[in-house]
Structures are given as C-alpha cells and as structure tokens.
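In: Generate coordinates for the sequence data below:
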Amino acid sequence: MADASGAVLPGATITISGANIGAHPTQTGSQGEFRFLNLDPGTYKLSVGMAGFATVTREVVVTTGQNVNVAFSMRVAGQSEEVTVTAETPVVDVKRVGTATTLTKEELAQVPQSRDPWAVLKTVPGVLVDRVNVAGNESGQQSGFVSKGSLPSDTQWNLDGVVITDVNSNGASSSYYDFDAFEEINVTTGGGDLKVATGGIGINFVTKRGTNAFHGSARGFLANHKLQSDNTPAEVKAFQPHGPHTDQIFDWGGDLGGPIIKDKL
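Out: Just a heads-up that it's a prediction; the model follows:
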C-alpha cells in the first residue's frame, strides 16, 4: 500500500468482502503490507480507505493454492470520491516454486470429458494415465498414472486439504466421487509444499461452499449404444445372437446450498 509518490501507507483500512465470507476489515502494517489468510477459492472485493485519500475498490480472484499479490496506489482526495480499479489480478505467483494445474468448476462443467478425477488427470501437463476413458466406459476404474519420474504409490489425495489417500493401498484413492460437488480440482506435479508427504502427484478436491443466498443445480447425463458409432454389418448383427447392451451409463443428481447463519455458517 503506497501513495502516488511510492511512500508506504501504514494504518490504512482494507475490507475484504465476498459471497462466502461477508465483510472483514484489517489494517496495513508498518510497511504498508496486509494479508488475508485461508480464503476459499472465489471472487472477492477489496476496498481501501484512509483519511485524506480517495477510497479504492478492486476485485480479486483467488484459486486453490495460490498467493495473490495485490498492490494499491492511493491518491489524495479532493472532494468525496471513490476509485474503482478494473485491472486484472496478477496471475504469476512470484513466491511459488511448484508446478500445479487448477481446474475451476466452469472448466469441469464445460470441458467434454468423462466425469471422474482420473479422466481429469489426462488434461494436466506432465501426467501420464494408463487408459483412455471414452464416454465413461472406464468410469469406476482407478487408473494408474505417473508424473515426472514419480511412482503411482507416491500420489497423495486430499479433500479440502485433508489427506484421504487409501491407507491399504499407497497412492490410491479411498473412494469415488460426486463430480459436481467440486468447486475446483488442484493437481500438483512437482515442487509441492511441506503438506505433501511424498514427492509424487498431489491432488486436492475443493468442495463447493455455501453463500448467503440459497442456490442449487441439477444434472443428467446419458451414454448408450444409440449415441455411439458402430460399423458392424447389419447381416452380422442379425445372424449373431446377443444379450442386453452393457454400455449404458446414467448419471443423475443435484445439489442445494445456502446459509444456516448468514456471514458465519
């Protein structure tokens, strides 16, 4: 936090607000620095005010595992005024040494792929998966995968930062997942922090959060033989006896969220 000449401004009041947290103020330190810790992924608004200076507001996007550096330049106020900054949030975290890929809920919903974490891993640079999941034909199977010299047994699975790796099978997931429960999926392929106990891939699922407004969604997915090409000649189909089709996949579900206590829970 600094003025137009570059001099730091201690004691300025900064308020962060968002759909998930309400509004929380803090003050800049002796070097003009400020920090907001343990924020969930999402979009937040920062508002900065100090006597004698124009109020400045700015939107900031926070993703999983990212340190967002935001610099404010305050200017002296004439009459009562407010300045809205529309510059994009810096996408380079200069303090981060690891390599990671974050997939947002928009990407998870719109990218055409089978709806399981192992299919998502195929989109992460540096990860090699042992099978191709076409239209869900391999869903429900825990694929093997490696990255940058690591072993499959080195993988660590996390749900909201809590380790959920299968204790009976090193590197394996302990469960299958409701794909639409995730806000983001973060995959680390190197240079992980001390929370990752191994040198392998680190997978962190971030679940959706409630807001001050009730909201929900529903989904329905279908894949069967009528939606897939088949070059088997009609004469062969008519001649060969066959049982019921096994390539039918149905995925129905929904979710509902909202506040128990607004701005708190």
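
In: Any figure for the gap between the residue of the chain most remote from its centre and Thr232?
Out: Within the chain, the residue lying farthest from the chain centre (CA atoms, centre = their mean) is Phe239, at 51.1 Å. According to CB to CB, to the nearest Å, Phe239 stands 11 Å off from Thr232. To be clear about C-beta, it is placed using only N, CA and C from the backbone, and glycine gets the same treatment.

In: One more: Arg219?
Out: 32 Å.

In: Same drill for these two, tell me which one is more crowded.
Out: Arg219 (13 against 8; other CB atoms under 10 Å).

In: just checking, the more buried one is part of a strand?
Out: Yes - applying DSSP: H, G, I helix; E, B strand; the rest coil, one finds Arg219 inside a strand.

In: ok, now which ones touch it?
Out: Residues near Arg219 by CB atoms under 8 Å, 6 or more residues apart in numbering: 180, 251-254.

In: what's the domain layout of the chain?
Out: With domains defined by automatic domain parsing, the chain comprises 2-85, 99-207, 215-257.

In: how many neighbours does His24 have?
Out: His24 has 14 neighbours, counted by other CB under 10 Å.

In: contacting residues around it?
Out: Taking CB under 8 Å, 6+ apart, we find His24 in contact with 15-17, 36.

In: Could you list the low-confidence segments of this structure?
Out: Applying pLDDT under 70 to the chain flags the ranges 78-98, 111-114, 133-140, 191-195, 240-247, 265.

In: Where do the helices of it begin and end?
Out: 105-110, 117-121, 234-239 (DSSP state H).

In: winner for burial among those helices?
Out: Using mean count of other CB atoms under 10 Å, the stretch among these with the largest mean neighbour count is helix 117-121, at a mean of 21.

In: what's that helix in contact with?
Out: With CB under 8 Å, 6+ apart, helix 117-121 has contacts from 103, 108, 113, 127, 129, 133, 138-139, 141-143, 145, 173, 177, 179, 185, 187, 201, 203, 205.

In: Just give the number of residues close to Ile201.
Out: By other CB under 10 Å, neighbour count at Ile201 equals 27.

In: Please shift the residue numbers so they start at 16 in all later answers.
Out: Sure thing, new numbering starts at 16, so read that last one as Ile216.

In: phi, psi of it?
Out: Dihedral angles of Ile216 (phi, psi; degrees, to the nearest 10) stand at phi -70, psi 140.

In: before we move on, back to that, and the contacts of His39 as TSV, adding distance to Pro132 and neighbour count?
Out: Output for these, formatted as TSV (distance: CB to CB, whole Å; neighbours: other CB atoms under 10 Å):
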residue	distance to Pro132	neighbour count
Thr30	37	14
Ile31	31	19
Ser32	32	16
Phe51	29	16
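
In: quick one: which of these is nearest Asn84?
Out: Nearest to Asn84 among these is Phe51, at 12.2 Å by CB to CB.

In: mind listing what the closest residue to the closest one other than its chain neighbours touches?
Out: In space, and not counting its chain neighbours, Phe51 is closest to Ile31: 5.2 Å by CB to CB, 6 or more residues apart in numbering. Taking CB under 8 Å, 6+ apart, we find Ile31 in contact with 38-41, 51, 54, 59-62.

In: And the buried ones among the residues you listed, selectable in PyMOL?
Out: Here is the PyMOL command that picks out the buried ones among these, judged by 16 or more other CB atoms under 10 Å:
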select buried, resi 51+54+59+61+62
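
In: Tell me which of the contacts of Ile31 fall in strands.
Out: 38-41, 59-62 (DSSP state E).

In: Make TSV from those and add distance to Val177 to it.
Out: Shown next, in TSV, are the ones in strands among the contacts of Ile31 (distance: CB to CB, whole Å):
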residue	distance to Val177
Ala38	28
His39	24
Pro40	30
Thr41	27
Tyr59	24
Lys60	29
Leu61	29
Ser62	33
